[in-house]
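Engineer: No sequence on hand, only this structure:
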């Protein structure tokens, strides 16, 4: 046994002299050490290293001896026994107890605690520790800056040139001696770094803040600089936790308060006001926030009203009635101007999504049906009649329960008014859901029934239906939707209404919700992207449950490792996001069917959508709506789309846009000869000296078709014909290029100008085969357009796709750096564009290093990421086959930041994807915790509640699920069938099963008793 040593025999510190440490030199010691080291074998060195590692494990932890380092005591007693006492054979007569040395031998007993001992060149020196602390307190003074003049690592044709190796050293001795100057004066070291605060070098972050402050001092009304200052200030804080979110809010509040008070124009800025109001909600009380919101609503901005409505929706108190009252207040405050009509449509759309998410699908559909009948089927006799009188007349049509817009055999309100004397209304058949299920658990049965009923019960029922008594919410009375109806007078408002209805039906329109904001910073995608939670989309974004995503990285062949070829998914994934109108409908970027594919129309009532397209058509001149209709029909069947296109051309044969769409359909069907006939008939047979409107699109599509088919001579001939130039050769090419430039300058539409620009770039690449000369044409036009404009984004996408098709599709030699550099530059302007992000994945394919790809993930950029970008990053984790398991933690961090960031915090789709991600990662406890957070942020989303009864049933008990059902009822969420009814139906079956089990148990006991009596020997 080893006991704690006693230091009572130590002499007094007063008797210790100040003499330095004694240095006794023993002759021959150094020679013996050298011989010992020289004669040591590698095995001895390995054994000694293992001995030192084993010995280090037995030493005490320095953190547990922190209290023992206090130099105020003269001695200390170690009350912890030696660990060798409990190890057999550890202690011996030659071993000594192992104890922790105070300060690792640097603190000298009897001296001042700030004096420490250091060993330098086999000599013990003393130093003042306070000087070292001063060095730590001084901020960093050195920065690594890139030398622009250095040519050491210059890129050449997409590659870094390797050097010729190190030059041979001449004149150096065989050994390399490392010498160091004697640092006897430590004060000189401190004086170098202990400069004043004003003279020290600022970091990059501090320099940016200083520059922004100087700019704001010169122009305090710059909203952009204030937002940049806020973003830069918050760039050093994280958003991973709720505490970090509150900390960011506390930083934001004083900064935006200073911004609002800096200039009178700043106080009227909706963007600054909204950011300020979002920040105070995390810190202030509800009463204080309500007061601030009421002051902000006096501005009358629709974006402010929409954020206020979002706040009311996110509150669980008040139920749906409180949300409806808030929406009606907004509608009553808006006038009849065009901007106000767009604002009313945003409120109308948002309330319909609220009804849909809460389970009232019939009411959401009835709102759009009534508004469509009221606007697009208005009788001629009621033109100019006041709104209230028209609503009274329309109520009679609604109560007649005839087929409404989108339903089978619907004729419209106008037709009903002129034929209502016939008294032969058609009957409407609505689908009813039978409560059959294969699940044995009653909670799972109820969740499955509710999900299936919500998918099939989209249309309002009639009072004559059989199941009206069991589900009264399926019948929508006119009084339920009358307060939300209003008049639409402008063409733009009518078009916005049609696109909003398509989006509500599940047909995603990229960039549509962002185009409705008056400030250019719309956050409506938080609730409008309902297509992301469809089962087909979830399976496309996340790997299927139970799938094996781990793949081997190498094979063994004859004892040698051979790396496997990496397998990637299609870079153009399921997420589509760009500015509205910047991408052509029939451009085969995301497949051969154009903008939409089979994934986009999954879980969509295609028959109802087709009838909506035909019912909302405004006439023969409605070409954009007809093009959308053809794009939708193409996803169903190309032959049926061609039939619809021929019907459009029969009524409007002079429309070039319709002929262009018809030719694109022939290309999609694979009939290039038929498409070529269309181009020749429209462009050559009926050619005119001056190009007609939309003619450039047909020439561009024709030349591109021939180019991608490998027919370069035919493509060059098409371009010359487009410029009305005859002949071949360099002179004809110069004349063609000059004519194409003149045609582009004369165009008033940027879409038409883009077509002529693409023809000019294609002409250059066909004649010179120099990609840089062709790109100079794009650059010249891009410099004339304002960045982040729709025309600039469209031309940027066209330029990038031009390089991609020339190099990757046609297999022409192109340096990879050309496309890579342009993609990176474009991502700085358009970080949310899915086409540019897909091209970024293409240029990174096969690089082997995910550094650039990882750099785009998470919250490490100044650009705030929208919903589509967040979801696309989740999909990128599984882009390379076999990497999803390795990217789980990184994906989890990204989703955690998304649900905490103010931009996507209230998005139910992000919460749903996050929970589904944890379920497929088999982290059910974590998914349960996220579930409670999700229903707190999105209290009126029925799909989130059903996860507890379905996928997460294993981590919820019956008591918790019963409480959740009561919470759903309190918050106004519709349940088509009560949970208590399902449980009551399940109880008799349970009792029967229990009785059967008990009878079997009784029979077994009785049988065993008889056997015991029979086998008794006496």
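Structural biologist: Structure's in. What do you need? In this text the structure is predicted, and so the values were computed from the model without any measurement. Numbering: from 1, shown residues only.

Engineer: Quick check, pLDDT for the residue lying closest to residue 638 once chain neighbours are set aside.
Structural biologist: Among residues not flanking residue 638 along the chain, residue 669 sits closest, at 4.7 Å (CB to CB, 6 or more residues apart in numbering). For the C-beta atoms, the positions are set from N, CA and C on the backbone; glycine is no exception. In the prediction, the pLDDT value recorded for residue 669 is 91.

Engineer: Residue 560 now?
Structural biologist: So, for residue 560, pLDDT stands at 77.

Engineer: mind listing what it touches?
Structural biologist: If you count contacts by CB atoms under 8 Å, 6 or more residues apart in numbering, residue 560 has none.

Engineer: how near is it to residue 365?
Structural biologist: 64 Å (CB to CB, to the nearest Å).

Engineer: Report the contact partners of the closest residue to residue 741 other than its chain neighbours.
Structural biologist: Excluding the flanking residues, the one nearest residue 741 by CB to CB, 6+ apart is residue 760, at 6.6 Å. If you count contacts by CB under 8 Å, 6+ apart, residue 760 has them with 737, 740, 741, 744, 777.

Engineer: Might you specify the subset of those residues located within helices?
Structural biologist: 737, 740, 741, 744, 777 (DSSP state H).

Engineer: how about TSV for the residues you listed, with neighbour count, distance to residue 622 and pLDDT added?
Structural biologist: Output for the ones in helices among the contacts of residue 760, formatted as TSV (neighbours: other CB atoms under 10 Å; distance: CB to CB, whole Å; pLDDT from 0 to 100):
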residue	neighbour count	distance to residue 622	pLDDT
737	18	37	92
740	27	31	92
741	17	33	91
744	20	28	89
777	24	34	94
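
Engineer: Now for these: which two are most distant?
Structural biologist: 737 and 744 (10.9 Å; CB to CB).

Engineer: so residue 362 touches residue 476, yeah?
Structural biologist: Yes - Residue 362 is in contact with residue 476 according to CB atoms under 8 Å; the separation is 5.7 Å.

Engineer: what residues are shared contacts of these two?
Structural biologist: With contacts defined as CB under 8 Å, 6+ apart, the residues adjacent to both residue 362 and residue 476 are residue 460.

Engineer: Pull the contacting residues for the residue nearest to residue 638.
Structural biologist: So residue 669 contacts 638, 639, 642 (CB under 8 Å, 6+ apart).

Engineer: Considering the residues you listed, which is situated nearest to residue 787?
Structural biologist: residue 638 (37.5 Å).

Engineer: Surely the closest one touches residue 667?
Structural biologist: No - Residue 638 is beyond contact range of residue 667, at 10.2 Å (criterion: CB under 8 Å).

Engineer: ok, the two, which is more surrounded?
Structural biologist: Between residue 638 and residue 667, counted using other CB atoms under 10 Å, the more crowded position is residue 667 (22 against 18).

Engineer: Secondary structure element for the more buried one, which one?
Structural biologist: Using DSSP states H and E, residue 667 sits within helix 656-668.

Engineer: hmm, who's touching that helix?
Structural biologist: By CB under 8 Å, 6+ apart, the list of residues contacting helix 656-668 reads 585-586, 588, 592-594, 623, 626-627, 630, 634, 638, 641-642, 645-646, 648-649, 652, 672, 674-675, 678-679, 682, 692-695, 697-698, 701-702, 705.

Engineer: Identify each buried residue in that helix, please.
Structural biologist: 656-668 (16 or more other CB atoms under 10 Å).

Engineer: which one of the residues you listed is nearest residue 448?
Structural biologist: The closest of the buried residues of helix 656-668, once distances to residue 448 are taken by CB to CB, is residue 668, at 38.4 Å.

Engineer: how near is the closest one to residue 638?
Structural biologist: 6 Å.

Engineer: what's the overlap in contacts for the two?
Structural biologist: In contact with both residue 668 and residue 638: residue 593, using CB under 8 Å, 6+ apart.

Engineer: Now go through the contacts of residue 669 and say which are in helices.
Structural biologist: 638, 639, 642.

Engineer: Could you export these to TSV, including columns for pLDDT?
Structural biologist: Below are those laid out as TSV (pLDDT from 0 to 100):
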residue	pLDDT
638	93
639	93
642	95
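
Engineer: that older thread, of the contacts of helix 656-668, buried ones?
Structural biologist: Looks like those have 585-586, 593-594, 623, 626-627, 630, 634, 638, 641-642, 645, 648, 672, 675, 678-679, 682, 694-695, 697-698, 701-702, 705 buried, using 16+ other CB under 10 Å.

Engineer: if you look at the contacts of helix 656-668, which of them are in helices?
Structural biologist: Using DSSP H, the contacts of helix 656-668 in helices are 623, 626-627, 630, 634, 638, 641-642, 645-646, 648-649, 672, 674-675, 678-679, 695, 697-698, 701-702, 705.

Engineer: one step back: just the contacts of residue 760 now: which is nearest residue 713?
Structural biologist: residue 737 (17.5 Å).

Engineer: wait, doesn't residue 708 sit right on residue 811?
Structural biologist: No - Residue 708 lies out of contact with residue 811 (CB under 8 Å); the separation is 11.9 Å.

Engineer: These two: which has the busier surroundings?
Structural biologist: Comparing residue 708 with residue 811 by other CB under 10 Å, the one with more neighbours is residue 708, at 16 against 8.

Engineer: State the distance from the more buried one to residue 588.
Structural biologist: Distance from residue 708 to residue 588, by CB to CB: 9 Å.

Engineer: in the stretch 901-1018 of the chain, which spans are strands?
Structural biologist: Using DSSP state E, counting those that start in this stretch, no strands are found in the stretch 901-1018 of the chain.

Engineer: the helices in it, which residues?
Structural biologist: 908-920, 924-937, 942-949, 958-970, 979-1015 (DSSP state H, counting those that start in this stretch).

Engineer: Residue 540 is nearest to which of the ones you listed?
Structural biologist: Of the helices of the stretch 901-1018 of the chain, nearest to residue 540 by CB to CB is helix 908-920, at 11.5 Å.

Engineer: Tabulate the contacts of residue 760 (CSV), appending distance to residue 498.
Structural biologist: Listed next are these as CSV, based on distance: CB to CB, whole Å:
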residue, distance to residue 498
737, 41
740, 36
741, 38
744, 32
777, 37
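
Engineer: Can you tell me which of those residues is closest to residue 386?
Structural biologist: Among the contacts of residue 760, and counting by CB to CB, the member closest to residue 386 is residue 744, at 49.7 Å.

Engineer: Spell out which helix or strand contains the nearest residue to the closest one once chain neighbours are set aside, please.
Structural biologist: Excluding the flanking residues, the one nearest residue 744 by CB to CB, 6+ apart is residue 756, at 3.8 Å. Assessed by DSSP H and E, residue 756 sits inside helix 750-768.

Engineer: likewise residue 562?
Structural biologist: strand 560-563.

Engineer: Need the contact partners of the strand or helix carrying residue 278.
Structural biologist: Element membership for residue 278 (DSSP H and E) is helix 270-280. For helix 270-280, contacts defined as CB under 8 Å, 6+ apart pick out 223, 226-227, 230, 248-249, 252-253, 256-257, 259-260, 266-267, 288-289, 292-293, 296, 299, 301, 303-304, 307, 518-519, 521, 902.
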